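Trainee: Structure of the sequence below:
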Amino acid sequence: MCKKWATDLLNEVKKVWEETENNHLKNNGFAVFYSKVRKNPELMIIGYNPGGGDKDFNIEDVFNLDKEHEYIKYSGKYNKNEKYKTAEVMYKLFEEIRKLELLEKSVKLNLIFFRSKSEKEWQSLDKNSRILLEQFCFDKIKEIIDFLNPKTILLEGIKTFDLFISEILSKRYGVTKQKIISFYAYSDKSHRRRCIFAKTEFNNKKIIGIIHPSYIYSEVKKYLAEEL
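Mentor: Numbering: from 1, shown residues only. Next comes the predicted model:
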């Protein structure tokens with residue numbers, strides 16, 4: 001039942017991707033799940049959007065629902081490649097808080113399913129077309145959450161957390177008032193105060209946002225260990 005649901009969802013995403021007239025999107029491809037798909041996971045990890053280009057797009061891998069969690073698969077073997085840097089950082093983060101089993105059994109995906117070489121490239125798309133694609137993805141994110149029913153959702157990046165609050169909780173669940181608790185730290189480089197950790201709850205689910213894995217602070221490990 002779970003695989004059939006996931007395959008049907010992937011086919012819906014594939015149909016939208018095939019119908020796009022944007023050459024960058026058509027060449028770069030799409031991706032949804034980066035782990036096995038399972039019901040009632042203790043943890044779901046959601047990033048912003050998939051990176052990558054036409055040279056490494058593999059549609060067979062997109063439809064492989066039994067794949068090894070990519071944060072486990074690419075944690076050390078490819079860590080010299082910038083493409084897998086997030087996998088390396090997240091693996092080490094969970095290793096240090098002694099939650100590797102939780103990571104391995106988590107479901108990993110992104111808010112936006114269509115791949116781009118960078119966020120800048122994604123934002124450079126025709127605005128109206130980009131918004132339509134984003135709204136399609138956000139609708140599917142709600143469907144994924146409703147069907148898989150994760151206990152905790154971890155958002156990679158405070159910007160991703162804020163987008164989840166505004167587009168998923170507010171617009172699709174109708175949760176207009178959230179009590180959000182945020183934690184801040186000073187950057188060693190810029191000496192500016194920035195949010196590094198945030199959390200809220202809805203429908204008995206814990207929603208956690210951490211600063212993007214590129215900028216993990218030691219305090220994030222402490223907060224995450226306490227919450228997971």
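
Trainee: Longest helix in the protein, by number of residues?
Mentor: Secondary structure of the chain per DSSP state H: the longest helix is helix 127-148.

Trainee: ok, and what's touching that helix?
Mentor: 5, 9, 12-13, 16, 20, 22, 25, 37-41, 44, 46, 107, 109, 111-114, 122-123, 125, 153, 167-168, 171-173, 205 (CB atoms under 8 Å, 6 or more residues apart in numbering). To be clear about C-beta, it is placed using only N, CA and C from the backbone, and glycine gets the same treatment.

Trainee: Pull out the buried members of the residues you listed.
Mentor: The neighbour count (16 or more other CB atoms under 10 Å) marks 9, 13, 16, 20, 25, 37-38, 41, 44, 46, 107, 109, 111-114, 122, 125, 153, 167-168, 172 as buried among the contacts of helix 127-148.

Trainee: What ranges does this protein have for its strands?
Mentor: 43-47, 107-110, 152-156, 181-186, 193-202, 205-210 (DSSP state E).

Trainee: For this protein, give me the ranges with low pLDDT.
Mentor: Counting by pLDDT under 70, the low-confidence segments of the chain come to 53-54, 77-83, 187-191.

Trainee: one more time with 80
Mentor: Scanning the chain for pLDDT under 80 picks out 1, 21-24, 51-56, 76-84, 117-118, 186-192, 214-217.

Trainee: Report the buried residues of the longest helix of the chain.
Mentor: For helix 127-148, burial by neighbour count (16+ other CB under 10 Å) applies to Arg130, Leu133, Glu134, Phe136, Cys137, Phe138, Lys140, Ile141, Ile144, Ile145, Leu148.

Trainee: okay, the angle between it and strand 152-156?
Mentor: 150 degrees (axes from the mean of the first three to the mean of the last three CA atoms, to 10 degrees).

Trainee: list the contacts for the residue lying closest to Val32 once chain neighbours are set aside?
Mentor: Excluding its sequence neighbours, the residue lying closest to Val32 (CB to CB, 6 or more residues apart in numbering) is Phe113, at 5.2 Å. Counting by CB under 8 Å, 6+ apart, Phe113 touches Val13, Phe30, Ala31, Val32, Asn49, Pro50, Cys137, Lys140.

Trainee: Would you check that Lys14 makes contact with Phe30?
Mentor: Yes: between Lys14 and Phe30 there is a contact under CB atoms under 8 Å: 7.1 Å.

Trainee: Need the overlap of contacts for those two.
Mentor: Common contacts of Lys14 and Phe30 (CB under 8 Å, 6+ apart): Val62.

Trainee: which one of those two has more residues nearby?
Mentor: Phe30 (25 against 17; other CB atoms under 10 Å).

Trainee: Mind putting the contacts of Phe113 into a markdown table with distance to Ser182?
Mentor: Shown next, in a markdown table, are those (distance: CB to CB, whole Å):
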| residue | distance to Ser182 |
| --- | --- |
| Val13 | 32 |
| Phe30 | 32 |
| Ala31 | 30 |
| Val32 | 29 |
| Asn49 | 23 |
| Pro50 | 27 |
| Cys137 | 25 |
| Lys140 | 28 |
